[in-house]
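J.: From the sequence below, what's the structure:
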Amino acid sequence: MGTSPKVELSIPIIPDMELAATQTSEVVARHMGLGQDKSDEIKMALIEACINAFEHSKTEEGQVEINFTIEDNTLVIKVTDQGVGFDENTVKIPKIEQKIKSDHKRGWGLQLIKELMDTVEFESTDEGTTVTMTKKK
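T.: Residues are numbered from 1 along each chain as shown. The predicted structure follows:
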C-alpha cells in the first residue's frame, strides 16, 4: 500500500504548545476514520505525554519531537524529549485518595496514558525519553 503517512513535529517547550500536537492528532485521527471518542483519548494521552516531556526535559531550550505514523489500522505516536532519563519502575503511581486531597495533581501521566491508549512503551536513556503510544482503529 505504499508508504505509511507520517507527520513529524518538533515543538519548543513553551506553555500550551502541546495544543499544536493535539491539532495534528485530530487531523490524523480524522484521516484514519477514527471516531470522536478515540480522537479525544489520543488528545488527552498526547497532552499528558507532552507535559511529561516538558517536565523531564530540564532545559528551556529543548525541543520535544512528536512523530505520528499510520501503520495499517494503527496510529503510532512517539514523543521524545532530550531530558534526563527516568526509570519507569521507579515512578510511583500515586494513590488516588491522596491525589484528590493534594494540590499537586500531576503525576497521573503514565497511568492515564496507559488507560487511554492501546499500548504504551517507555524507552529512557541519558539522551532522553521516548514514549511510544498506539491506538487501533
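J.: Just the helices from this protein, written as ranges.
T.: Applying DSSP state H to the chain gives helices spanning 18-32, 36-57, 96-101, 109-116.
J.: For the residue nearest the centre of the chain, list the residues it contacts.
T.: By C-alpha atoms, centre = their mean, the chain has its centre lying nearest to Ala49, at 3.0 Å. If you count contacts by C-beta atoms under 8 Å, 6 or more residues apart in numbering, Ala49 has them with Ile77, Val79, Gly109, Ile113, Val131, Met133. Quick note: C-beta positions are derived from backbone N, CA and C, even for glycine.
J.: Now render those as CSV, adding neighbour count.
T.: Formatted as CSV, the contacts of Ala49 follow (neighbours: other C-beta atoms under 10 Å):
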residue, neighbour count
Ile77, 24
Val79, 25
Gly109, 20
Ile113, 22
Val131, 27
Met133, 22
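J.: Looking at these, which is nearest Ile13?
T.: Among the contacts of Ala49, Val79 lies closest to Ile13 (C-beta to C-beta), at 12.5 Å.
J.: That closest one and Gly35, how far apart?
T.: Distance, Val79 to Gly35, using C-beta to C-beta, to the nearest Å: 23 Å.
J.: what's the answer for Asp81, then?
T.: Asp81 is 30 Å from Gly35, where distance means C-beta to C-beta.
J.: same question, His56
T.: 31 Å.
J.: the more surrounded of the two?
T.: Using other C-beta atoms under 10 Å as the criterion, His56 and Gly35 rank with His56 on top: 20 against 11.
J.: any weak-confidence spans in the protein?
T.: 1-2, 58-60, 84-108 (pLDDT under 70).
J.: One more pass at 80, please.
T.: 1-4, 55-61, 83-109, 126-127 (pLDDT under 80).
J.: any idea how far the residue nearest to the centre of the chain is from Gln111?
T.: 12 Å.
J.: same thing with Lys6?
T.: 28 Å.
J.: neighbour count winner among those two?
T.: Gln111 (15 against 12).
J.: List the contacts of Val7.
T.: So Val7 contacts Thr24, Val28, Asn67, Phe68, Thr69 (C-beta under 8 Å, 6+ apart).
J.: ok, now with 6 Å
T.: Val7 is in contact with Thr24, Phe68, counting by C-beta atoms under 6 Å, 6 or more residues apart in numbering.
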